[in-house]
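Undergrad: What follows is a predicted protein model with its sequence.
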Amino acid sequence: MTTGLQPFLHDATITLCAPTQVWSRASGDMSAAIDGVYHGDRRMLSDVAVTWASGRAEPIGAAPSHAGRTGFDSLLRSSDDPTPDPHVRVTRDREVVAGRMTETLRIRSVLPSALHTTVEVRLVPDFRQLSDVKSGTGHAEAWYAAHRADGVRIDGVGVSGGPSIALTAADARWRIDHDAVTLTWDVRAEPGTEASVTWIADLADPGLVVTGPTGPSDWTTPTGGVDRRLARWADVALDDLAALRLALPEHPEDTFLAAGAPWFFTLFGRDSLWAARMMLPVDTGLAASTLRVLARLQGSVDDPATEEEPGKIPHELRAGELRMPGEGIVLPPLYYGTVDATALWVCVLVDAHRAGMAESDVRALLPALRAALAWIDRSTPADGFLSYIDRTGHGLANQGWKDSGDSVQWRDGRLAEGPIALCEVQGYAYEACVGAADLLDRLGEPGAEDLRTWASDLRRRFADRFWVRTPEGRYPAIALDRDGAPVDTLTSNIGHLIGTGLLDHDDEVAVAALLLGPTMSSGFGIRTMSTDAAGYWPLGYHRGAVWAHDTAIAAHGMARAGLRDEAATVVAELIDAAETFAYRMPELYAGDDRSERAAPAPYPAACRPQAWSAAAAITCLEIARS
């Protein structure tokens, strides 16, 4: 196995129910760098291989029944007769629920005589941290296995929190070696019948900070009268989103969406908020519970080590410290390094109330609302903008949604230096304060006029300071740098401004035209960076690739601004992209021009499913139906 490289995901098969996920090859075996059985922030098993004494099972296909169940089909030709039709079929049925994986192996034969064989399942314990898997570094943790009356228990040795695996399998013979645990069965399949064996892995980690939800989702949405492909995308998306639901152990009734599999299987302020916001046409309860979860973690003190500040909404929650080898990044378990989640929290509360969130639930969050608004005001100088800089020296250098180290750069490729004031963050802040003012008025609460004055001043400053003119046209800069200079690259960030009210209508029209122009539109969505920028690369994470949620946000803004044709064009491009990915939209994909490719190339390390990419289907459905 190559070390020091992030594993590719694009050709792997995933079966999931948060906080548990299983990655494998199309055969069902687990052998590649990403493969394994994961629970929370840990890979519990790294390798799983099934072998048949009568010969190799040759895979012919894998198909999910839903996010938590996948069937793998193979043929056992070494046990077959010489005729062309296959007569011995092996099916591997994998089911994942929170904390458990069940796998049933079925062998079916229509040979004229009974088939006798032996099947063996070899399991390799791992207990490696997810961050080590992602970076391609580290080694499996030490483990200890012992026989029990009903199977084998495997415990991590010297691993904080005491993760363990309980393996059970009826009628299996067990063998514990220094590097693996092996289960073996003798199997007899009579002509025209099926024989099956089942093994179960129950996964436990007392150190987990997240848990599965207490009940099922009941999401449904009418899809009649829309493109059948959009309807299919919405169905797959809702199934994936149901599998991404999580809760905190102290409040299991309040669910939120994990950001994405495999790396972000936990609470992310920005991601969980955007996904909940996109899901409002389907469920206001998800938004309400997400708001409550984040309000309980809202900052109350000033702590540079975690970037916590009073009123600030956190960025992410982990079971332990997160290290990113090679990047110099070390994040505390609860990290507040995000510039946009606080304003987005306010926007989601406002939108959720408009969508039908109970007034009593809204009123219960008013203290958190006022704290969030105070943070926005306190973090914005009277003559400036909401900005960020890493205060720790080992946190995220960029703290907007484009949080990679090279995402904010000039047209000539130079990186901008912080503090950085992102354009879209000003749009979120403006929308948050105007929306909060309206909300306070509706509830008969004071403070609305001060918020409107603050927002009006921000709007005026933005119009004076952010606009640039380049050979591509006139548009808002992606950001202002430490000197207050507008960073002049044309990027998709400006799409988030449409519909917020921060721009005049004529400017919204002009911005939409640029986003649909040849340098920004790939034909399968909006690129994150213009092809005319020196830093553009179609497989650049935030430098030219296409993100479904980013494109959907722009489309939603266009629809809100009355630009219906433009919004419809963007939605159609996303539907075309979704079809090429079998309607499980990945985190991102290549920004190559559609004229050169019939389908977008996968970004090989993209998460899938990912909450806001899946939720983009609901945004597109809302636009199509309106």
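TA: The structure has been received and is ready for your questions.

Undergrad: The lowest-mean-pLDDT helix or strand in the chain - contacts with which helices or strands?
TA: Sorting the helices and strands of the chain by mean pLDDT, DSSP states H and E puts strand 322-324 at the bottom, at a mean of 88. When contacts are defined as 3 or more C-beta pairs under 8 Å, 6 or more residues apart in numbering; DSSP states H and E, strand 322-324 sits against helix 130-135, strand 329-331. C-betas here are computed from N, CA, C, even on glycine.

Undergrad: Can you redo those as TSV, where the extra columns are distance to A49?
TA: Below are the helices and strands packed on strand 322-324 laid out as TSV (distance: least, C-beta to C-beta, whole Å):
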stretch	distance to A49
helix 130-135	18
strand 329-331	35
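
Undergrad: deepest of the ones you listed, which one?
TA: helix 130-135 (a mean of 21; mean count of other C-beta atoms under 10 Å).

Undergrad: what is the mean pLDDT for that one?
TA: Helix 130-135 shows a mean pLDDT of 92.

Undergrad: The very next helix or strand once past that helix - which strands sit beside it in the sheet, and in what orientation?
TA: Sequence-wise, the next helix or strand downstream of helix 130-135 (DSSP states H and E) is strand 143-148. When pairing is defined by DSSP bridges, strand 143-148 lines up against strand 151-156 (antiparallel).

Undergrad: residues in contact with the partner strand?
TA: For strand 151-156, the surrounding residues in contact (C-beta atoms under 8 Å, 6 or more residues apart in numbering) are 125, 127, 141-146, 162-169, 172, 174, 176, 181.

Undergrad: Give me the sheet partners of the host helix or strand of A62 and which way each runs.
TA: Using DSSP H and E, A62 falls within strand 58-66. Next to strand 58-66 in the sheet, as set by DSSP bridges, lie strand 69-75 (antiparallel).

Undergrad: now the strand it pairs with, how far from the centre of its chain.
TA: 26 Å (C-alpha atoms, centre = their mean, to the nearest Å).

Undergrad: For the next helix or strand after it, buried residues please.
TA: Note on strand 69-75: by DSSP H and E, the next helix or strand toward the C-terminus is strand 88-97. By neighbour count on 16 or more other C-beta atoms under 10 Å, the buried set for strand 88-97 is V88, R89, V90, T91, R92, D93, R94, E95, V96.

Undergrad: what packs against strand 88-97?
TA: Contacts defined by 3+ C-beta pairs under 8 Å, 6+ apart place strand 88-97 against strand 13-17, strand 20-24, strand 69-75, strand 100-109.

Undergrad: What would it look like as CSV? C-alpha coordinates only.
TA: C-alpha atoms of strand 88-97 as CSV (Å, rounded to 0.1, in the frame of the first residue of the first chain):
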residue,chain,number,x,y,z
VAL,A,88,-23.2,-21.1,-9.6
ARG,A,89,-23.8,-17.7,-8.2
VAL,A,90,-22.5,-16.1,-5.1
THR,A,91,-24.3,-13.1,-3.5
ARG,A,92,-22.8,-11.0,-0.8
ASP,A,93,-25.4,-9.0,1.1
ARG,A,94,-24.0,-6.2,3.3
GLU,A,95,-26.2,-4.2,5.7
VAL,A,96,-25.0,-1.4,7.9
VAL,A,97,-26.8,0.2,10.8
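
Undergrad: how big is the angle separating that strand from strand 58-66?
TA: For strand 88-97 against strand 58-66, the angle by axes from the mean of the first three to the mean of the last three C-alpha atoms, to 10 degrees is 30 degrees.

Undergrad: mean confidence score for strand 88-97?
TA: 97.

Undergrad: Ok, stretch 196-205 next?
TA: In the prediction, stretch 196-205 has an average pLDDT of 97.

Undergrad: Can you name the residues in contact with that stretch?
TA: The contact list for stretch 196-205 (C-beta under 8 Å, 6+ apart) reads 20, 37, 39-40, 42, 44-45, 99-107, 119, 121, 123, 161-172, 183, 185, 187, 319.
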